[in-house]
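Peer 1: here is a sequence with its predicted model. Questions after.
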Amino acid sequence: MSDAAPPDPAAAKRAAGLAAAALVEDGMRLGLGTGSTTAFAIEAIGRRVRDEGLDVAGVPTSYDAERLARAHGVPLLALADLDLDTLPTAQAGLDLALDGADEVSPAAALIKGRGGAHVREKVVAALAARFVVLVDPSKEVERLGTTAPVPVEVLPFAEPAVLRALRGLGAEPALRMGERKDGPVVTDQGLWIVDARFPGIDDPAALGAAIGSVPGVLGHGLFVGMATDVLVGEAEGGVRHRVHQRGR
Ligand SMILES: O=C[C@H](O)[C@H](O)[C@H](O)COP(=O)(O)O
């Protein structure tokens with residue numbers, strides 16, 4: 001038996017977060033993701049704002065990201081500030097979106113939403129020229145669904161119907177319950193989350209389309225063909241940079 005300590009996920013997340021913050025350039029409009037890995041990036045961007053006078057602003061993907069950005073002095077933007085009505089549709093509204101993931105496949109398809117922020121995260125990622133995903137190595141899987149369920153945000157009224165439809169798609173679905181609160185977890189939108197556990201996902205795009213078309217579903221945590229970069233932090237401080245093409 002080896003006496004080696006297990007890799008430290010916090011150190012790996014920190015390495016990914018710092019590498020992501022280093023990609024940020026003066027004048028950029030950012031998407032600020034949610035979760036423990038992106039938190040390291042937001043903190044590091046805040047340091048650059050303070051120490052280097054970096055001029056950036058970011059759209060937060062959750063109340064949590066918003067509070068963190070404020071705490072670290074990262075200026076905030078709302079989608080309404082992006083002038084999307086005058087921007088040509090082919091032009092991205094944000095330069096760079098930074099976010100974590102619960103699973104990443106070899107083709108950079110993702111499961112997101114452990115923190116329940118996946119709906120806003122997808123809106124923000126879709127607006128960005130580059131969508132950079134920050135993970136520790138435990139998030140890399142050969143096949144999506146290996147470790148994480150697919151979070152599905154649902155209208156409370158529709159929950160029984162959505163559970164039934166998800167079972168029909170091969171999932172074992174369960175309403176997400178609060179750990180420090182009685183009853184269902186309520187999202188930033190005031191809706192509920194169903195975690196749908198699949199026995200391995202072979203075609204995430206097709207499954208995503210099927211889940212998205214269930215009446216009562218606001219959105220789900222499968223992100224396919226969106227990531228342009230994956231930064232995999234290592235506990236020793238190194239970072240592997242995987243580059244991906246959008247739409248594949
Ligand atoms: O809703 C939460 C987000 O999708 C997170 O980005 C994802 O769950 C990864 O979080 P963490 O970096 O804490 O593992």
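Peer 2: Looks like it arrived, so ask away.

Peer 1: for the closest residue in space to residue 35 that isn't next to it in sequence, give the beta-bridge partners.
Peer 2: In this structure, residue 35 finds its nearest non-sequential neighbour in residue 100, 3.9 Å apart by C-beta to C-beta, 6 or more residues apart in numbering. Glycine gets a C-beta too; all of them are placed from N, C-alpha and C. In this entry, residue 100 is beta-bridged to residue 134, by DSSP bridges.

Peer 1: can you report how many residues lie near residue 100?
Peer 2: Using other C-beta atoms under 10 Å, residue 100 has 29 other residues around it.

Peer 1: what segments of this protein are strands?
Peer 2: 29-32, 57-60, 94-100, 103-104, 110-111, 128-135, 150-154, 172-175, 192-197, 217-220, 222-223, 229-233, 239-243 (DSSP state E).

Peer 1: so which of the ones you listed comes closest to the ligand?
Peer 2: For the strands of the chain, the distance to the ligand is smallest for strand 94-100, at 2.9 Å, taking C-beta to the nearest ligand atom.

Peer 1: show residues contacting the closest one.
Peer 2: For strand 94-100, the surrounding residues in contact (C-beta atoms under 8 Å, 6 or more residues apart in numbering) are 13, 20, 23-25, 28-38, 41, 59, 61, 82, 112, 121, 124-125, 127-135.

Peer 1: from the ligand, how far out is residue 171?
Peer 2: 18 Å (C-beta to the nearest ligand atom, to the nearest Å).

Peer 1: count of residues packed around the spatially closest residue to that residue that is not a sequence neighbour?
Peer 2: If the residues on either side of it in the chain are set aside, residue 171 comes closest to residue 196, at 3.8 Å by C-beta to C-beta, 6+ apart. When neighbours are counted by other C-beta under 10 Å, residue 196 registers 26.

Peer 1: the one 3 residues further on now?
Peer 2: The local packing count at residue 199 equals 10, with neighbours defined by other C-beta under 10 Å.

Peer 1: longest helix of this structure?
Peer 2: Of all segments of type helix in the chain, defined using DSSP state H, the longest is helix 36-52.

Peer 1: and that helix, how far out from the chain's middle?
Peer 2: Counting by C-alpha atoms, centre = their mean, to the nearest Å, helix 36-52 is centred 17 Å from the centre of its parent chain.

Peer 1: one more: stretch 158-169?
Peer 2: 24 Å.

Peer 1: quick one: residues in contact with that stretch.
Peer 2: With C-beta under 8 Å, 6+ apart, stretch 158-169 has contacts from 152, 154, 173, 175, 192, 194, 196, 198, 207, 210-211, 214-217.

Peer 1: top of those by neighbour count?
Peer 2: residue 152 (30 neighbours).

Peer 1: pretty sure that one contacts residue 196?
Peer 2: Yes. Between residue 152 and residue 196 there is a contact under C-beta atoms under 8 Å: 5.6 Å.

Peer 1: shared neighbours of these two, anything?
Peer 2: Common neighbours of residue 152 and residue 196 (criterion: C-beta under 8 Å, 6+ apart): 166, 173, 211, 220.

Peer 1: what pLDDT is listed against the first one?
Peer 2: According to the per-residue confidence, residue 166 scores 98 in pLDDT.

Peer 1: count the neighbours of it for me.
Peer 2: Going by other C-beta under 10 Å, the residues that sit close to residue 166 add up to 26.

Peer 1: okay, residue 209 and the ligand: tell me how far apart.
Peer 2: Remark: distance between residue 209 and the ligand (C-beta to the nearest ligand atom) = 20 Å.

Peer 1: please apply the same query to residue 66.
Peer 2: Residue 66 sits 14 Å away from the ligand, going by C-beta to the nearest ligand atom.

Peer 1: get me the contact residues on the chain for the ligand.
Peer 2: The interface of the chain toward the ligand, taken as C-beta under 6 Å from any ligand atom, is made up of 33-37, 99-102, 112-118, 121.
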